[in-house]
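When you get a sec, could you give me coordinates for this:
(one chain, ligands or ions: 1)
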Amino acid sequence: MKLGLNLIAAACEKGGIGVDGRLPWKLKSEMKFFSDMTTNTQDNTKQNVVLMGRRTWECIPQKHRPLQNRINMVLSSQDLDLGDAAIVCKSIPAAIEMISSGSLKGKVEKIWVIGGSSVYKTAMESPNFHRLYLTEIRKYFECDTFFPDIPNDFITVTDPDVPQGIQRENGIEFEYKVYQRDNNDL
Ligand SMILES: NC(=O)c1ccc[n+]([C@@H]2O[C@H](COP(=O)([O-])OP(=O)(O)OC[C@H]3O[C@@H](n4cnc5c(N)ncnc54)[C@H](OP(=O)(O)O)[C@@H]3O)[C@@H](O)[C@H]2O)c1
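Model (predicted):
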């Protein structure tokens, strides 16, 4: 079976996802959703991978990285050494290859692509793309990093693990949306 790429992101009005190397908003319940979705597995002998760009890795506060109970993988063109904290990969196909062979083979339940911008774009164009879990925040925040355009052939689907309808926290409204490609065969 093909290992699918599940993308998870939160974007505000006009598609902003980050500013000055951080998230522009503070939404505890949304953060918990991210944490639960990327951590939980059906098989408790397996873990999920969180796959991210080098800048997203650097944006995670030191005390929170590596993201716990997940296998952290970082994309970079550089020869970085992140020790035991994270596995460094040169490309998304190289990461998938590493997950499906060698010491990680059979140990990974899901791959979660957690940003940033160009990583989301490459993952959505990949033949391994499975689903996009996008929290759509119904408020404008000043941003310098943006979610790429969602391809026209993406449709919204429901997932029993995802709360439906408008969510509210601190007066901010947001909605969890799930997209996949029409005729998705993964
Ligand atoms: N709202 C959200 O859901 C969300 C999620 C994630 C991040 N963010 C925000 O987004 C910002 C960071 O994202 P970003 O878009 O600036 O950077 P990013 O995508 O996290 O990192 C970019 C770097 O990742 C490496 N990279 C990316 N694609 C690669 C590929 N296909 N193969 C090999 N290496 C690759 C390159 O590293 P090298 O330069 O080392 O080669 C590149 O310079 C922060 O503000 C963060 O808070 C928001």
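
Please, where are all the helices along this structure?
Secondary structure of the chain (DSSP state H): helices located at 28-39, 54-59, 92-100, 117-125.

possible to save the ones you listed as JSON lines with mean pLDDT, distance to residue 173 and mean neighbour count?
From N, CA and C alone the C-beta is placed, and that goes for glycine too. Listed next are these as JSON lines, based on pLDDT from 0 to 100; distance: least, Cβ to Cβ, whole Å; neighbours: other Cβ atoms under 10 Å:
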{"stretch": "helix 28-39", "mean pLDDT": "98", "distance to residue 173": "11", "mean neighbour count": "15"}
{"stretch": "helix 54-59", "mean pLDDT": "97", "distance to residue 173": "25", "mean neighbour count": "19"}
{"stretch": "helix 92-100", "mean pLDDT": "96", "distance to residue 173": "33", "mean neighbour count": "17"}
{"stretch": "helix 117-125", "mean pLDDT": "98", "distance to residue 173": "23", "mean neighbour count": "18"}
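
Format those as JSON lines; extra columns: distance to the ligand.
Converted to JSON lines, the helices of the chain look like this (distance: least, Cβ to the nearest ligand atom, whole Å):
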{"stretch": "helix 28-39", "distance to the ligand": "8"}
{"stretch": "helix 54-59", "distance to the ligand": "3"}
{"stretch": "helix 92-100", "distance to the ligand": "6"}
{"stretch": "helix 117-125", "distance to the ligand": "3"}
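
can you put those in TSV and add distance to residue 7?
As requested, these are exported to TSV (distance: least, Cβ to Cβ, whole Å):
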stretch	distance to residue 7
helix 28-39	11
helix 54-59	12
helix 92-100	11
helix 117-125	6
